[in-house]
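A.B. asks: Predicted model, plus sequence, below.
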Amino acid sequence: MHIQQYLKEIGRGKDGARALTRAQAFELLGWILDGHAQPLQVGAFCLAMRIKGETAQEMAGFMDAVHARLPRTAHAASPVIVLPSYNGARRLPVLTPLLALLLVRQGLPVLLHGSTTESTRITAAQVLEQLGHPAAQALQTPQAGELLHLSARTLLPGLADLLDARAAIGLRNPAHSLVKHLNPLAASGTHSLVVGCYTHPEYSISMEHTHAEAGSHALLLRGMEGEPVADPRRQPALRGIIQGCKVLELHAETGALPVTPELPHGLDMAATIAWTREVLQDQRPVPAPIATQVQVICDLHRQLAALPATQGAQA
């Protein structure tokens with residue numbers, strides 16, 4: 001099929017649109033990522049998918065298309081924790097760097113990838129730079145106790161272009177959901193746990209279905225301001241998925257807010273960096289919800305380490 005035929009399938013409105021198969025979604029997004037679609041066709045794709053909504057098969061196919069275009073890296077001796085960071089801070093501080101460095105302190109390899117389409121937000125990458133962790137210039141496999149972070153544009157320029165289309169169109173598109181499922185090391189055969197976050201409860205179901213379709217590994221939670229880190233003020237629900245199957249579920253804390261830690265304002269980078277350093281240096285306690293998240297990730301990491309090596313793609 002040609003791209004126009006795919007657009008006819010998905011562009012018939014909320015009730016008339018037809019879902020693509022996983023293979024069709026792979027082909028369609030592949031054309032877009034490779035720059036073979038005209039700007040009007042990219043815009044039509046974004047709007048049609050926004051109206052129709054993505055199925056789990058389509059999202060898995062989109063992931064396949066991205067994974068197929070990423071370089072194969074060295075196989076890691078230990079499962080890698082993947083932190084997609086695409087929202088940044090607005091009102092609350094961006095604490096994804098704290099989560100990443102707490103996991104590194106536990107001896108886990110961590111890969112953080114991200115960008116933001118809103119220039120007014122502070123990103124995890126900016127905080128990590130100030131904490132002495134410069135961004136990588138190419139995709140690599142982090143080893144035990146190592147943090148690697150890089151931008152979506154470094155990962156795949158075509159994907160970054162699709163993310164940036166939001167500025168021109170004014171609406172999200174499948175790329176904004178896709179990156180929160182994305183495992184950049186899929187081609188290497190390395191088992192990776194993607195810490196995926198959602199902002200609305202209904203997305204937790206669609207994310208779980210996508211990982212079930214892909215047979216992948218994830219920890220899902222309602223992240224703080226769309227970041228893959230637990231809100232330090234209240235324990236969120238946590239759902240662990242191994243090979244597409246749910247293996248762990250912790251329910252969200254309910255009731256009145258407990259005594260909460262004093263947090264810097266989200267747009268005060270200096271205060272966020274100072275607060276993060278104080279926690280890492282044990283001058284402040286690790287907030288209980290984040291400590292729980294670290295423990296859950298460590299538990300899932302042990303389960304992944306016990307699995308046999310894969311051949312890539314579905315890792």
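C.D. replies: Happy to help now that I have it.

A.B. asks: How far off centre is stretch 194-204?
C.D. replies: 9 Å (Cα atoms, centre = their mean, to the nearest Å).

A.B. asks: now swap in stretch 174-189 and tell me
C.D. replies: Taking mean C-alpha positions (Cα atoms, centre = their mean), stretch 174-189 and its chain are 7 Å apart.

A.B. asks: Could you do stretch 60-73 as well?
C.D. replies: Distance, centroid of stretch 60-73 to centroid of chain: 14 Å (Cα atoms, centre = their mean).

A.B. asks: And stretch 183-196, by the same measure?
C.D. replies: 11 Å.

A.B. asks: Quick one: end-to-end distance for that stretch.
C.D. replies: With Cα to Cα, to the nearest Å as the measure, stretch 183-196 spans 10 Å from end to end.

A.B. asks: Same check on stretch 151-161?
C.D. replies: Stretch 151-161 end-to-end distance (Cα to Cα) = 12 Å.

A.B. asks: and if you look at stretch 108-125?
C.D. replies: 19 Å.

A.B. asks: tell me how far that stretch is from the chain's mean position?
C.D. replies: On the basis of Cα atoms, centre = their mean, stretch 108-125 sits 10 Å off its chain's mean C-alpha point.

A.B. asks: Can you list the buried residues in it?
C.D. replies: 108-117, 121-125 (16 or more other Cβ atoms under 10 Å). (C-beta placed from N, C-alpha, C; glycine too.)

A.B. asks: from the residues you listed, which ones fall inside strands?
C.D. replies: Counting by DSSP state E, the buried residues of stretch 108-125 place 110, 111, 112, 113, 114 in strands.

A.B. asks: pretty sure the first one contacts residue 81?
C.D. replies: Yes - contact criterion Cβ atoms under 8 Å: residue 110 and residue 81 qualify, at 4.9 Å.

A.B. asks: Spell out which residues are contacts of both of those two.
C.D. replies: Counting by Cβ atoms under 8 Å, 6 or more residues apart in numbering, the residues touching both residue 110 and residue 81 are residue 103.

A.B. asks: can you map out the strands along the stretch 201-315 of the chain?
C.D. replies: 218-222, 238-242, 245-250 (DSSP state E, counting those that start in this stretch).

A.B. asks: Now mean neighbour count and distance to residue 187 too, for those strands, in JSON lines please.
C.D. replies: Putting the strands of the stretch 201-315 of the chain into JSON lines (neighbours: other Cβ atoms under 10 Å; distance: least, Cβ to Cβ, whole Å) gives the following:
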{"stretch": "strand 218-222", "mean neighbour count": "24", "distance to residue 187": "18"}
{"stretch": "strand 238-242", "mean neighbour count": "22", "distance to residue 187": "20"}
{"stretch": "strand 245-250", "mean neighbour count": "13", "distance to residue 187": "23"}
